[in-house]
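>>> Here is a sequence together with a model predicted from it:
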Amino acid sequence: MSSHYEKSLSLFERASKVAPGGIYGHMSPAACLPGASPYYAAKADGCRYWDVDGHEYIDFMCGYGPIILGYNHPEVDEAAAKQRELGNCFNHPTERFVELVEKLVSLVDFADWGVLAKNGGDVTTWAIQVAREHTKRKKIIRFKSSYHGVDPWCTPGHGGLIDEDREHIHSFAFNDLTAFEGLVDKYKGQIAALIVSPWHHPVFADSAFGADGFFAGLEKICRAEGIVLISDDIRGGFRLNIGGSHAEFGYTPDIVCFCKALGNGYPISAALGAEQLRVAASKVFLTGSYWNSAVPMAAALKTLEIIERDGVIAQLQQTGQRLADGLVKIGEKHGHEIRPSGPPAVPFYRLTEETNFVRQQQWCAEAMKRGAFLHPHHNWFLCAAHTNADIDAALQIADDALAACVETWA
Amino acid sequence: MKSVVALKHLQARLFLHAVFPTLDDVIKASPKAQTLLKDNGFSLCFRTRSGLRASYFFKTTGCEYIAGDSQTGIELMFLSDGQAAATFFEKPALPPLPLKGFSALGKMKTFIALTKEMESWLKPSDEQLADENFRQVFAPMSIGLALRATCQLCVAERKSREWLASGPQGLAAFQLGESGTPRWINFVSGALKSGTGEPPTEPAVRVIFKDSTIAANAVLNRLDSMAAVGRGDIKIVGLAPLADHLNALMERVQGFIDPPKS
């Protein structure tokens, strides 16, 4: 194993003695670059973080999405600190709860009500229960290779599952409207919900946008068949459109789920829904020990305020496009095509000459060694703290990294 | 719940096309097996009325397996998959009908002795596992069996086919050390195949066990494999989700051929 990440590896050795997997879930080294990437973070600021070995990175994962304004954003942290002085965890929700739900309902065009939780999976799973309660139907349809959390109905893992967990979960390929029509015909009157991502962002694959008429077609069928349309906007929420990414892609869901960017790193998620689902929503029990914590709500209110005030979404589009243009040029320069996919604010970049990601992994590992955290398999995230200078510095690193790889490939 | 008939078919199929071909590894590695076959080579074909058939040619140098009929010295027919499965599990069952090789039926004693020897390799004691030379054979042998069985499950079982179709597909290779001989599977709908040696094309994913201890523990489900990957004890080069997707089926194999005692 590389000594570049000596302390990371040493900590992992300790962790793996007391924690299954050492690090589990999406941050597991197995999901990134084992031995060739940092395992543990020490501190962060703006668009940069430092690992426990003291290496500094221009970060293009942003905590896997939550950091939209930059790490340690002073205004968000100040709002959180003020609330913390008053208290965080009480016997009751606070006024922050009402303020935040009101704010979210005002931002999302179709929304009449909202609920708050902690993680994306809390609200996607709750949303399908609301759909089942509303329709009194069992079946849930999703895109193949989509990600909606780690509950049994949707976890990408296979441990601990029983056949019955997925008995009523069916999937179809993204952009295959005909396949969806087929499922609707096959399970006529049995489908409670279709849960979609506003664009397709599987791991180990290019991201993809809906083809012309795809989302409109899905929505039309859902309306005709009484199927609840749920938009899982956990990944993209507030980076593309303050009112939800569905507004960018021309469809109107019945429920939209947010998490990640909502609190700029403070743990909070939300589901917003349309009036006709209010009664069903009121019947599906939801709670958690920390779901009414006031500090993340104060942070979320401030985060939303800054996103609107500072034109963050336009800024992410601009810096994201600068990154995309630069990476494409770097690929051309070295004779190895780098393909951008997905929105510039939540992009994925891949060397196209292979399907097994081996060169992609080498390139990203080289970039990490040089100070830019580029994920080889998962979509990236831009944040408002990325300046043009940061993007240019990252591009230089990506260029040097690819040059080093090309030498070995030759 | 899987019907008993379907289950017996799967079990018979797995024995014929995944477990018994493992005898090749056993004979190559086991002096005891080689002694059993010294001047005692033979060939054998198992058939079932449902259409399963597999042929084996035994020599001191190994066992050639052919997925189907061949010109074997002995041919045995099972009237049902249940009869075959019971026989292979050593449960009470009528003996198969000999269609050919009546005079050579005594060789079946050798076959049974070989399968006993195979069992001692596939279900090792801790003492056996302490031996590096044993582990060097045991781990690839077990992986090879699991890969063959995975192919069979995907051919014969709807659930496995659906699982295969539901995730990444491609060629996966497993090996001990950077220079170990790979065991591979082409985990692709309609083109399932497994083998030993460098695969026909560059694998989409290559899983490299640092040593035989890691590999043996992984095979025996005694290893935190995620932690092992993080430590570098298992190296995954390429399309990691393919290895994970495949692993889900490999882990199911034991439930069919070595089900928990009820």
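In hand now; what should we look at?

>>> Spell out the residue ranges of the strands in chain B.
For chain B, strands defined by DSSP state E occupy the ranges B:42-48, B:53-59, B:62-66, B:74-78, B:97-100, B:170-176, B:183-187, B:193-196, B:205-209, B:234-238.

>>> elements contacting the first one?
Packing partners of strand B:42-48 (3 or more CB pairs under 8 Å, 6 or more residues apart in numbering or on different chains; DSSP states H and E): strand B:53-59, strand B:74-78, helix B:81-88, helix B:107-122. In short, each C-beta sits where N, CA and C put it, glycine included.

>>> do you know which of the ones you listed lies nearest chain A?
helix B:81-88 (22.0 Å; CB to the nearest CB).

>>> Not counting the closest one itself, show me its contacts.
B:4-5, B:8-9, B:11-13, B:15-16, B:19, B:46, B:48, B:50, B:52, B:78, B:92-96 (CB atoms under 8 Å, 6 or more residues apart in numbering or on different chains).

>>> make it 6 Å
B:8, B:9, B:11, B:12, B:15, B:48, B:50, B:78, B:93 (CB atoms under 6 Å, 6 or more residues apart in numbering or on different chains).

>>> okay, now the residue in the stretch 201-350 of chain A positioned nearest to chain B: neighbour count?
Nearest residue of the stretch 201-350 of chain A to chain B, counting by CB to the nearest CB: residue A:204, 5.5 Å away. The number of residues packed near residue A:204 is 22, by other CB atoms under 10 Å in any protein chain shown.

>>> ok, now the one 10 residues further on?
Residue A:214 has 20 neighbours, counted by other CB under 10 Å.

>>> same check, this time on residue A:122
23.

>>> same deal with residue A:193?
Residue A:193 has 26 nearby residues by other CB under 10 Å.

>>> Could you list which residues are in contact with residue A:40?
A:8, A:11, A:52.

>>> Would you format the strands of chain B as JSON lines with mean pLDDT and mean neighbour count included?
Formatted as JSON lines, the strands of chain B follow (pLDDT from 0 to 100; neighbours: other CB atoms under 10 Å in any protein chain shown):
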{"stretch": "strand B:42-48", "mean pLDDT": "96", "mean neighbour count": "22"}
{"stretch": "strand B:53-59", "mean pLDDT": "97", "mean neighbour count": "21"}
{"stretch": "strand B:62-66", "mean pLDDT": "97", "mean neighbour count": "18"}
{"stretch": "strand B:74-78", "mean pLDDT": "97", "mean neighbour count": "22"}
{"stretch": "strand B:97-100", "mean pLDDT": "95", "mean neighbour count": "14"}
{"stretch": "strand B:170-176", "mean pLDDT": "97", "mean neighbour count": "24"}
{"stretch": "strand B:183-187", "mean pLDDT": "98", "mean neighbour count": "25"}
{"stretch": "strand B:193-196", "mean pLDDT": "96", "mean neighbour count": "17"}
{"stretch": "strand B:205-209", "mean pLDDT": "97", "mean neighbour count": "24"}
{"stretch": "strand B:234-238", "mean pLDDT": "95", "mean neighbour count": "21"}
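
>>> Residue of the stretch 251-400 of chain A closest to chain B, please.
Of all residues in the stretch 251-400 of chain A, residue A:356 sits closest to chain B, at 3.9 Å by CB to the nearest CB.

>>> can I assume that residue sits in a helix?
No - using DSSP: H, G, I helix; E, B strand; the rest coil, the secondary structure at residue A:356 is coil, not a helix.

>>> Can you name the residues of chain A sitting close to chain B?
A:1, A:12, A:16, A:20-22, A:28-30, A:34-35, A:158, A:204, A:356-358 (CB under 6 Å from any CB of the partner chain).

>>> thinking again about what came up before, same list (the contacts of helix B:81-88) but as CSV, adding distance to residue B:239.
Converted to CSV, these look like this (distance: CB to CB, whole Å):
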residue, distance to residue B:239
B:8, 35
B:9, 32
B:11, 31
B:12, 33
B:15, 31
B:48, 37
B:50, 36
B:78, 40
B:93, 43
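
>>> in what helix or strand does residue A:397 lie?
Assessed by DSSP states H and E, residue A:397 sits inside helix A:388-409.

>>> circling back: can you report how many residues lie near the residue of the stretch 251-400 of chain A closest to chain B?
Counted with other CB under 10 Å, residue A:356 comes out at 19.

>>> need the strands for the stretch 101-250 of chain A, in chain order.
A:113-117, A:139-143, A:169-172, A:191-196, A:228-232 (DSSP state E, counting those that start in this stretch).

>>> For the nearest residue in space to residue A:150 that is not next to it in sequence, list the residues it contacts.
Closest residue in space to residue A:150, ignoring its immediate chain neighbours: residue A:121 at 5.6 Å, by CB to CB, 6 or more residues apart in numbering or on different chains. If a contact means CB under 6 Å, 6+ apart, then residue A:121 has A:149, A:150, A:151 as its contacts.
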